[in-house]
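Quick check, what structure comes out for this input:
(chains A, B, C and D)
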Number of protein chains: 2
Amino acid sequence: MTRPSEVTRERIMKAAERLFAERGYDGTSIRAIVAKARVNQAAINYHFEGKDGLYREVLRAAFRAMTEDQLAHAAETKAMSREEALYAFLRRQLHPLMGRDEYSRHMRIFNWETVRPTPVFRALLSEEAAPFMGLAADLIARFMPGADRRTITVASIWLMGQCSVFLRNRETLAQPPVGLVLDDAMVDWLSQQIGNWVVGGLGRPV
Amino acid sequence: MTRPSEVTRERIMKAAERLFAERGYDGTSIRAIVAKARVNQAAINYHFEGKDGLYREVLRAAFRAMTEDQLAHAAETKAMSREEALYAFLRRQLHPLMGRDEYSRHMRIFNWETVRPTPVFRALLSEEAAPFMGLAADLIARFMPGADRRTITVASIWLMGQCSVFLRNRETLAQPPVGLVLDDAMVDWLSQQIGNWVVGGLGRPV
DNA sequence: TTGGAATTCAAACAATGGTTTGAAAAAAGG
DNA sequence: CCTTTTTTCAAACCATTGTTTGAATTCCAA
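Residues are numbered from 1 along each chain as shown, chains lettered A, B, ... in the order given. Predicted coordinates:
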C-alpha cells in the first residue's frame, strides 16, 4: 500500500516491458533494465524475487491487457455482419504494424515466446487462452456453418495466422528485395485485401 | 585440404546446427556445442574464428540447402496444374511439422531469425531471397492473372505465411487447450484444407 | 518525535559466457 | 628421419550475468 515502492515497481515494469519486447528474455540483462528504469540493481530482486519473477509479471500484464482489448470489442463485433466483423478482426490484428504503442509491444513479447515457449507462458496460455480462441472460433463458425470441431479449430488458427507473417517479418519486409512500405493507407488496403481472400476462401468450403 | 581438420569442422557444424535450431543463438553455448561434437573448446575459435563465425557458417549452409531444395522442385512444379502446384507448395511448407530431419532444422533456425534478424541473416536474405520469393510469386500469378505488382507481392507473402502459424506454434498448439495432433495424416489433411481456402480466396479477387 | 518496518543503495559474490594462451601432439613435406 | 606446419588440448583469462549482502536511508504510524 506504500506509495514510493509502487513507483519504482511501476518504473521497472515499464522499462522491462520495452526491453523484453525489443530483445527478448535472454537478450535483456538486469543491468539494462535498471539503467532504463533509473533504479537500483537490487530493486528487481526485492520487488519481483528475481528476473524470472519480473518476466512472469510482465507477461501476465501483457496477456491481460491483450485479452481485455479483444474481449472489449467482442460485443460490438457480434452486432456486425460477418464480413464487417472479419475486417474489424483483421484490422485489429494488423494494427501493430504501425507505431510502437503498448499493444504492439505485447505482440512482440508473445512473438518471442512462439519459437520456444517458456513454462511461464505455457501456463498462462493454458489458463487464459480459451476465451481468446473462442472469439476467432465464433467468427469462423459464422462463415462455416455445420463444420466439424476440428475444422473450426484449424480454421481459427489459420485465420489468426493470416496477419502474423506480416507482423512478424515487418522489419525484414520493409527492406529490399521486398521493400514493403507500411503506412496507414497500406494497412487499410492490406486488411481489405486479406479480408477478401479469407472471405473467398471460407465461402466455398469443399 | 587436410583430412583430419575437415572431420572436426564437420562435427562442429553438425552439432551446432542442431543446437542452434533447438535453442537459438543466445541459448546455445560454446561449451554445449563442443560437448555434443566431442571436440576441444578452442576448436571453434580455431576453425571459425569465434561463435559468430560458426553461426554465420551454419546459417549460410542452411540457407543454401533450403534454396537448392526449393529450386530443385521448381521445374516439376511448372509442369503441374496450378492447383496441384499449390498443394505441392503447401505440403513442402508443412513438412517440418513432423520429423526432425535436416529440412525441419533449417526452418527452425530461420524461425529464430524472424523475431530479431541478425545482420548476417539480413545480408543473406537480401542477396539470395529473390529467387525464393520468385517461386511463390510465379505460383500466385497463375491464380491472379493481370494483378498489379504490389498485389502479387503481398499475396506471395500471404501465401508463404499460410503455414507459418502452424509451423511456428507447433509446440504450443500440440498442448491444451488446442491439442492438435500432428501426424502424417493430419499434415495431409491440413495442406488439403489450407489449399482449398487459398484457392477459394484467390479465385475471386474483388 | 521516535522506533520499527519498508525500501534503497553500493559493493561484492558466484556462476557462466566467449576468448586466448602456450605447449603438446599429429600430419605433411622434403 | 627430421623439420615445418597444422591441429589439438587443458588451463587460464576476462567480461558479463543474476543474485546476495549488510548498511544506510526513507517512510509511516504511534
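
Could you list the low-confidence segments of chain A?
Within chain A, the ranges that satisfy pLDDT under 70 run A:1-5, A:99-100, A:202-206.

show me what contacts residue A:23?
residue B:116 (CB atoms under 8 Å, 6 or more residues apart in numbering or on different chains). The way it works is simple: take the backbone N, C-alpha and C, and place the C-beta from them, glycine included.

For residue A:37, see how far away it is.
Taking CB to CB, to the nearest Å as the measure, residue A:23 and residue A:37 are separated by 15 Å.

Check residue A:193 too.
On the measure of CB to CB, residue A:193 and residue A:37 end up 41 Å apart.

So for the two, which residue has more residues nearby?
For residue A:193 versus residue A:37, the count of surrounding residues by other CB atoms under 10 Å in any protein chain shown is larger for residue A:37: 21 against 18.

For the closest residue in space to that one that isn't next to it in sequence, grab phi and psi.
Using CB to CB, 6 or more residues apart in numbering or on different chains and skipping the chain neighbours, the partner closest in space to residue A:37 is residue A:15 (3.7 Å). Backbone torsions of residue A:15, given as degrees, to the nearest 10, read phi -60, psi -40.

pretty sure residue A:98 contacts residue A:181?
No. Counting by CB atoms under 8 Å, residue A:98 stays clear of residue A:181, with 10.9 Å between them.

For the residue nearest to residue A:37, give me its contacts.
Contacts of residue A:15 by CB under 8 Å, 6+ apart are A:33, A:34, A:36, A:37.

which of residue A:98 and residue A:181 has more neighbours?
Remark: of residue A:98 and residue A:181, residue A:98 carries more neighbours, 14 against 9, as counted by other CB under 10 Å.

which residues sit in contact with the residue nearest the centre of chain A?
By CA atoms, centre = their mean, chain A has its centre lying nearest to residue A:107, at 3.0 Å. Residue A:107 sits next to A:66, A:96, A:167 when contact means CB under 8 Å, 6+ apart.

I'd say the last one and residue A:98 touch.
No. Taking CB under 8 Å as the definition, residue A:167 is not a contact partner of residue A:98, at 11.2 Å.

Overlap in contacts, those two.
Common neighbours of residue A:167 and residue A:98 (CB under 8 Å, 6+ apart) do not exist.

ok, now which ones touch residue A:26?
B:24, B:26, B:27.

Reformat those residues into CSV and put secondary structure next to each item.
Below are these laid out as CSV (DSSP: H, G, I helix; E, B strand; the rest coil):
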residue, secondary structure
B:24, coil
B:26, coil
B:27, coil
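
With respect to residue B:145, which of these is nearest?
Distance to residue B:145 across the contacts of residue A:26 (CB to CB) is lowest for residue B:24, with 41.6 Å.

State the number of residues packed around that closest one.
Neighbours of residue B:24 (other CB under 10 Å): 19.

And residue A:172, by the same measure?
Counted with other CB under 10 Å, residue A:172 comes out at 17.

residues in contact with it?
Taking CB under 8 Å, 6+ apart, one finds A:178, B:114, B:117, B:122, B:125 in contact with residue A:172.

my guess is the third one contacts residue A:171, does it?
Meaning residue B:117. Yes. Between residue B:117 and residue A:171 there is a contact under CB under 8 Å: 6.8 Å.

Show me which of these two is the more surrounded one.
The neighbour comparison of residue B:117 against residue A:171 (other CB under 10 Å) goes to residue B:117, with 18 against 12.

separation between the more buried one and DNA strand D?
Applying CB to the nearest atom of the strand, to the nearest Å, the value for residue B:117 to DNA strand D is 20 Å.

dump the residue contacts of that residue.
Applying CB under 8 Å, 6+ apart, the residues contacting residue B:117 are A:171, A:172, B:125.

JSON lines please, covering those residues and showing secondary structure and distance to DNA strand C.
Listed next are these as JSON lines, based on DSSP: H, G, I helix; E, B strand; the rest coil; distance: CB to the nearest atom of the strand, whole Å:
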{"residue": "A:171", "secondary structure": "helix", "distance to DNA strand C": "24"}
{"residue": "A:172", "secondary structure": "helix", "distance to DNA strand C": "25"}
{"residue": "B:125", "secondary structure": "helix", "distance to DNA strand C": "23"}
